[in-house]
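Engineer: Sequence plus the predicted model coming up.
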Amino acid sequence: MSDHDESGCNGSPRAGREPSTGARAAPWNGDGLTEWTALRLRLGASECDDPGSGFGRPDRQWQASDQLETETEDASLMGRSESLRPDAPHGTGENERERLAIDVARRYYLDDESMPDLAESFGVSRSTISRLIALARERGWVRIEVLGPDTHQSDAVRFLRETFHLEEVVSVPSRPTTDMISVVGRRAADVLSAAMTNHATIGVAWGETTAAIASNLRLTDLVGCTVVQLNGAGSPHDLGVDYAIHILGQFSNAWNATAVLFPVPAFFDDPATRDALWRERSVQRVLDIQHRCNVAVFSVGSMAADHPSRVYRYEYLDAADRRQLQADGAAGDIATYFFDAHGETAGVRLNERASGLPLEDLRRIANRYCVVAGVGKADALAGALRGGYVTHLIADSAVLDAAAAICRGDAAR
């Protein structure tokens, strides 16, 4: 977990953030109460009028621009500004905020509503929703159970963790009528947001599952992080730049990280073209950052899935490519680099033209988060586990059960 200072009363901007030249002035609300006054009433004049703190001084208001935005939204949530007025009964605003925190937490944890959906529903930012959820957890209204090795859990989870020496397996209950990519992506976003630390270099493989993760990440004030694209997204008909930028942009925004794009084709027409491009210094820079990653975030692709991965549904592969993959026994891919049912990559000819990080290099990354939704990806997940490409697994219970059943067959033979 990263250090996280949002108090603002020490006079310092939040970690890793520089004062923005576009910080807006404190507007007046409907009752003639400025955001700045609301902030001082909230924090207490005695705490925020310290001459050395920067609070209470108009020329230093930029230092609390993030806090002012949150307080304005808080005032709106608590019945516009009535609860912050000087003549309001003591504790009225805080009580209302607590009730809202419970409501938001209930909808987030029990109804599976995402932070963006809640933010839109309440008319506030994701940052405010995140703070309300954090308040509910701090007050003990939300209790999250972490299952240890000796705690009861499914046989599939226990089997996969012990057989493949996984550091973590998170099972998300499957629901047939639910979009499980969104549900699993939301859970993975929580796991990743809690696990990220300062100065991490995170490799991200684009795809619909990582897009679902990206849209649900919590805003976290990390310092010195880099997010790098692990594979090219271009196809014969689309460079794929906008799609990759959207996903990496959400990761970098949530984690205050530098984004490094990899604007090359997903698959080259000629292996020699790829080899020549890999010798270019601008490309070597990205490849070097990929090899410095200490975290990787990816899913597994599969042609057999009920909802096939993006690389199979769009025109990245032609009919000849598909026939060749089938002939080579490809079971799935990670970052558009293919492996067979045993997790081996050498026999899959298309890898000679792939832009994704070779899986032997992926295996050197310390923390490899594999996120999977849909029972149709069970064979691909089993292959990825056999290849040793996963250290942390977040998936729905149905695909975990199916992958465990497949892998149990190894011991029976």
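Structural biologist: Noted; the coordinates are in hand.
Engineer: Tell me which stretches of the stretch 51-200 of the chain form strands.
Structural biologist: Along the stretch 51-200 of the chain, counting by DSSP state E, counting those that start in this stretch, strands occupy 168-172.
Engineer: any low-confidence regions in it?
Structural biologist: Along the stretch 51-200 of the chain, the parts satisfying pLDDT under 70 run over 51-93, 144-153.
Engineer: again, only using 80
Structural biologist: For the stretch 51-200 of the chain, the stretches flagged by pLDDT under 80 are 51-94, 110-112, 143-153, 177-178.
Engineer: which non-adjacent residue is nearest residue 249?
Structural biologist: Closest residue to residue 249 apart from its sequence neighbours, by CB to CB, 6 or more residues apart in numbering: residue 259 at 6.3 Å. For the C-beta atoms, the positions are set from N, CA and C on the backbone; glycine is no exception.
Engineer: Just grab the bridge partners of the one you found for me.
Structural biologist: residue 227 (DSSP bridges).
Engineer: can you offset everything so residue one is 9?
Structural biologist: All set: I'll call the first residue 9, so the last point we hit is now residue 267.
Engineer: so it sits right up against residue 222, yeah?
Structural biologist: No: assessed by CB atoms under 8 Å, residue 267 is found out of contact with residue 222, at 11.3 Å.
Engineer: Mind listing the shared neighbours of those two?
Structural biologist: Common neighbours of residue 267 and residue 222 (criterion: CB atoms under 8 Å, 6 or more residues apart in numbering): 256, 259.
Engineer: Settle it for me: which of the two has more neighbours?
Structural biologist: residue 222 (24 against 19; other CB atoms under 10 Å).
Engineer: My understanding was that that one contacts residue 253; is that so?
Structural biologist: No: using CB under 8 Å, residue 222 is not in contact with residue 253; the gap is 11.2 Å.
Engineer: What residues does the closest residue in space to residue 120 that isn't next to it in sequence make contact with?
Structural biologist: Counting by CB to CB, 6+ apart, the nearest residue to residue 120 once its immediate chain neighbours are dropped is residue 191, at 6.0 Å. Residues near residue 191 by CB under 8 Å, 6+ apart: 120, 180, 183, 381, 404.
Engineer: re the thing from before, the residue nearest to residue 257: what's it in contact with?
Structural biologist: 234-236, 253, 256-257, 259-260.
Engineer: Closest one of the residues you listed to residue 397?
Structural biologist: residue 236 (17.6 Å; CB to CB).
Engineer: those strands in the stretch 209-358 of the chain, which residues are they?
Structural biologist: For the stretch 209-358 of the chain, strands defined by DSSP E, counting those that start in this stretch occupy the ranges 209-212, 234-237, 266-268, 303-306, 338-342, 345-348.
Engineer: Could you export the first one as PDB, CA atoms only?
Structural biologist: Going back to what we said before, that points to strand 209-212. Only the C-alpha atoms of strand 209-212 are listed here, as PDB (Å, rounded to 0.1, in the frame of the first residue of the first chain):
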ATOM      1  CA  THR A 209       6.700  -0.500 -13.400                       C
ATOM      2  CA  ILE A 210       3.500  -2.100 -14.500                       C
ATOM      3  CA  GLY A 211       3.100  -3.900 -17.900                       C
ATOM      4  CA  VAL A 212      -0.400  -4.000 -19.200                       C
END
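Engineer: Kindly spell out which helices and strands sit in contact with it.
Structural biologist: strand 234-237, helix 249-262, strand 303-306 (3 or more CB pairs under 8 Å, 6 or more residues apart in numbering; DSSP states H and E).
Engineer: try 10 Å this time
Structural biologist: Contact partners of strand 209-212 among helices and strands, from 3 or more CB pairs under 10 Å, 6 or more residues apart in numbering; DSSP states H and E: helix 216-222, strand 234-237, helix 249-262, strand 266-268, helix 289-299, strand 303-306, strand 375-380.
Engineer: Nearest to residue 317, out of the ones you listed?
Structural biologist: Nearest of those to residue 317, taken as CB to CB: helix 216-222 at 7.2 Å.
Engineer: Tell me who's in contact with the closest residue to residue 279 other than its chain neighbours.
Structural biologist: Nearest non-adjacent residue to residue 279, counting by CB to CB, 6+ apart: residue 360, 4.4 Å away. For residue 360, the contacting residues are 275-276, 278-280, 282-283, by CB atoms under 10 Å, 6 or more residues apart in numbering.
Engineer: Among those residues, which one is most surrounded by other residues?
Structural biologist: Using other CB under 10 Å as the neighbour criterion, residue 275 leads the contacts of residue 360 with 24 neighbours.
Engineer: That one contacts residue 322, doesn't it?
Structural biologist: No: contact status for residue 275 versus residue 322: not in contact, 12.0 Å apart, counting by CB atoms under 10 Å.
Engineer: Overlap in contacts, those two.
Structural biologist: Common contacts of residue 275 and residue 322, defined by CB under 10 Å, 6+ apart, comprise residue 243.
Engineer: still on that earlier bit, roughly how far apart are the residue nearest to residue 257 and residue 239?
Structural biologist: 15 Å (CB to CB, to the nearest Å).
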